[in-house]
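Asker: sequence plus the predicted model coming up.
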Amino acid sequence: MNKTLLIKIAFVFLLLPFFMNAQGNVNQAESSEEIGKYPQFQFKGLLQARYLESFGDNVDVLGMHHSTGDVTQSSFDIKRMRVGLNTKLSEATEVVILVNLADFKSDTKGKVLENAYGKYTFNKYIALTGGQFRPAFGIEELVPVDIIKSFDFSNQYYEFGKNGWTSFQIGASATGAFDIGKIPVNYALSVLNGNGKNQEMDKDNGKQYSTRWVFELSKTHKINLGLNGGYGKVFKEKVFAVGADITSDFKLTDRFTFDLQIEYKQGTNHNLYFSLPAESRTPNVADYQMRGIYFLPNLRYVVNYKKLTSLELSCRYETFDPSYKVDSNVRQTYTPMISLEFGKAYLGRIEMGFEIDRFDRNIPDSAYYNDNLFLIQLQLRL
């Protein structure tokens, strides 16, 4: 019996106790269905429209350097135009669909459809999700892009997404919560194809297994510690990913709050390894490892003056290296931002600031080039 099959069997047996514990709640859920009115529909939408201006030396608004000097350095853009539908088929069963219509502005292959999954909740201890979704593997995977404290997700989020651990993936997941003594714990166990969204099938027979555990260390200051780990095979090569993160939220006064996110990740960059010609790479995929860390402090002041709800100031600092063992080129990114919130829960939002990139080595005619990008972003959500 091979190791992969043993891992799959262990994964199933790990979930069995949760299933057995959940059976006693199924009848109760069914009786609730008779009382409630199903299906229930909830429509969601998000618009993010931006103005971009690059102050980099011959760098366009997408971050690409052009040695010819023929470059677009100012532009309006639709970053996201999402439309989503959440359907409750019963008290325990839901189906979620999310599409990004802004993807139609370019080649739509592998784009547009984002969420497409079903979820069944047995009880607080276990819920099963299957389809295309964002597996839990860090802070950003559990937060919608429209309520993050910066313009967009971090560089490490997108790079780990290319390697099958974050962003939208196809697979299955078990999630739930329980207490260890007085400490609340949330967990997630996922098995994924690992080759991104909207794929006809897995690129190989390998799967990627990941888990996330979050420990609530303080309810008063909302201090949470997250631990992540993953293992798998890609084209018969062993790959891994690990991470740790911490979040906190301090109420300074009745109007001022300060929250902080710190996240570290490291893992195999097999996406980079297999994209290189065989003659130009080392024979060992483990030589290609990515790692990064970011700090995101955010200060919020509640205004509640007419339609203006709050004022927020944030500045994310991130350092990320896509291959720190071979051909290292560290990217440091500073993202200072001021945000005006209108309505509750970021119903309307105007953001302004910079994305400042600095590389150890500038590579002409590539995206690995120093840049200063100015942004104004309008966000509307429903």
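Answerer: Received, thanks. Numbering: from 1, shown residues only.
Asker: hey, what's Thr175 bridged with?
Answerer: Beta bridges link Thr175 to Ala127, Ala188, judged by DSSP bridges.
Asker: who's in contact with the residue nearest the centre of the chain?
Answerer: Residue closest to the average C-alpha location in the chain (Cα atoms, centre = their mean): Glu141, at 3.2 Å. By Cβ atoms under 8 Å, 6 or more residues apart in numbering, the contact list for Glu141 reads 134-135, 157, 166-167. Glycine gets a C-beta too; all of them are placed from N, C-alpha and C.
Asker: by neighbours, which of these wins?
Answerer: Within the contacts of Glu141, neighbour counts (other Cβ atoms under 10 Å) peak at Pro135, which reaches 30 neighbours.
Asker: would you confirm that that residue belongs to a strand?
Answerer: No: per DSSP: H, G, I helix; E, B strand; the rest coil, Pro135 lies outside any strand segment and is coil.
Asker: got the phi/psi numbers for it?
Answerer: Phi and psi for Pro135, reported as degrees, to the nearest 10, are phi -70, psi 150.
Asker: correct me if wrong: it contacts Asn193.
Answerer: No: between Pro135 and Asn193 there is no contact under Cβ atoms under 8 Å: 10.9 Å.
Asker: roughly how far does the residue nearest to the centre of the chain sit from Gly45?
Answerer: Relative to Gly45, Glu141 is positioned 21 Å away (Cβ to Cβ, to the nearest Å).
Asker: quick one on the thing from earlier: common neighbours of Pro135 and Asn193, please.
Answerer: Common neighbours of Pro135 and Asn193 (Cβ under 8 Å, 6+ apart) are 169, 171.
Asker: got the contacts of Glu141 as TSV, with pLDDT columns?
Answerer: Conversion of the contacts of Glu141 to TSV gives the following (pLDDT from 0 to 100):
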residue	pLDDT
Arg134	96
Pro135	96
Tyr157	96
Thr166	94
Ser167	95
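Asker: tell me the two of these that are most distant?
Answerer: Greatest spatial distance among the contacts of Glu141 (Cβ to Cβ): Pro135 and Tyr157, at 12.3 Å.
Asker: give me the common contacts of these two.
Answerer: Common neighbours of Pro135 and Tyr157 (Cβ under 8 Å, 6+ apart) are 141, 166.
Asker: right, and Phe342 touches Leu311 too?
Answerer: No: with contacts counted by Cβ under 8 Å, Phe342 stays clear of Leu311, the gap being 11.1 Å.
Asker: what pairs with the top strand by length along the chain, parallel or antiparallel?
Answerer: Using DSSP state E, we find that the single longest strand of the chain is strand 289-305. Each strand that pairs with strand 289-305, with its direction, by DSSP bridges: strand 256-268 (antiparallel), strand 308-321 (antiparallel).
Asker: and for the helix or strand that the last one is followed by, what's in contact with it?
Answerer: Past strand 308-321, further along toward the C-terminus, the next helix or strand under DSSP states H and E is strand 331-342. For strand 331-342, the external contacting residues (Cβ under 8 Å, 6+ apart) are 149-151, 154-155, 307-322, 348-359, 368.
Asker: using the three-state scheme, assign Thr166.
Answerer: Classified using three-state DSSP, Thr166 is coil.
Asker: before we move on, the earlier item: the residue nearest to the centre of the chain belongs to a helix, doesn't it?
Answerer: Yes: under three-state DSSP, Glu141 sits within a helix.
Asker: what's the spacing between it and Thr68?
Answerer: 39 Å.
Asker: and if you look at Phe153?
Answerer: In terms of Cβ to Cβ, Phe153 sits 31 Å off from Thr68.
Asker: what comes up buried for stretch 214-227?
Answerer: 214, 216, 223-226 (16 or more other Cβ atoms under 10 Å).
Asker: hang on, the earlier thing: okay if I get the strands paired with strand 289-305 as a markdown table plus distance to Gly206?
Answerer: Below are these laid out as a markdown table (distance: least, Cβ to Cβ, whole Å):
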| stretch | distance to Gly206 |
| --- | --- |
| strand 256-268 | 12 |
| strand 308-321 | 25 |
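Asker: can I get the ones you listed in TSV with mean neighbour count, mean pLDDT and distance to Ser328?
Answerer: As requested, those are exported to TSV (neighbours: other Cβ atoms under 10 Å; pLDDT from 0 to 100; distance: least, Cβ to Cβ, whole Å):
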stretch	mean neighbour count	mean pLDDT	distance to Ser328
strand 256-268	19	97	14
strand 308-321	19	97	6
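Asker: to Phe55, which of the ones you listed lies closest?
Answerer: So among the strands paired with strand 289-305, strand 308-321 is nearest, using Cβ to Cβ, at 17.8 Å.
Asker: what comes into contact with the closest one?
Answerer: Contact partners of strand 308-321, identified using Cβ under 8 Å, 6+ apart, comprise 149-150, 154-156, 159, 290-304, 328-344.
Asker: list only buried entries from these.
Answerer: Buried positions within these, assessed by neighbour count (16+ other Cβ under 10 Å), are 149-150, 154-156, 159, 290-294, 296, 298, 300, 331-333, 335, 337, 339-342.
Asker: any idea how far Val285 lies from Tyr231?
Answerer: The value you get for Val285 to Tyr231, if Cβ to Cβ is used, is 13 Å.
Asker: which residues are common contacts for those two?
Answerer: 238-239.
Asker: when those two are compared, which one has more neighbours?
Answerer: Counted by other Cβ under 10 Å, Val285 and Tyr231 do not tie: Val285 has more neighbours, with 20 against 16.
Asker: pLDDT value on the more buried one, please?
Answerer: Per-residue confidence at Val285 stands at 96 (pLDDT).
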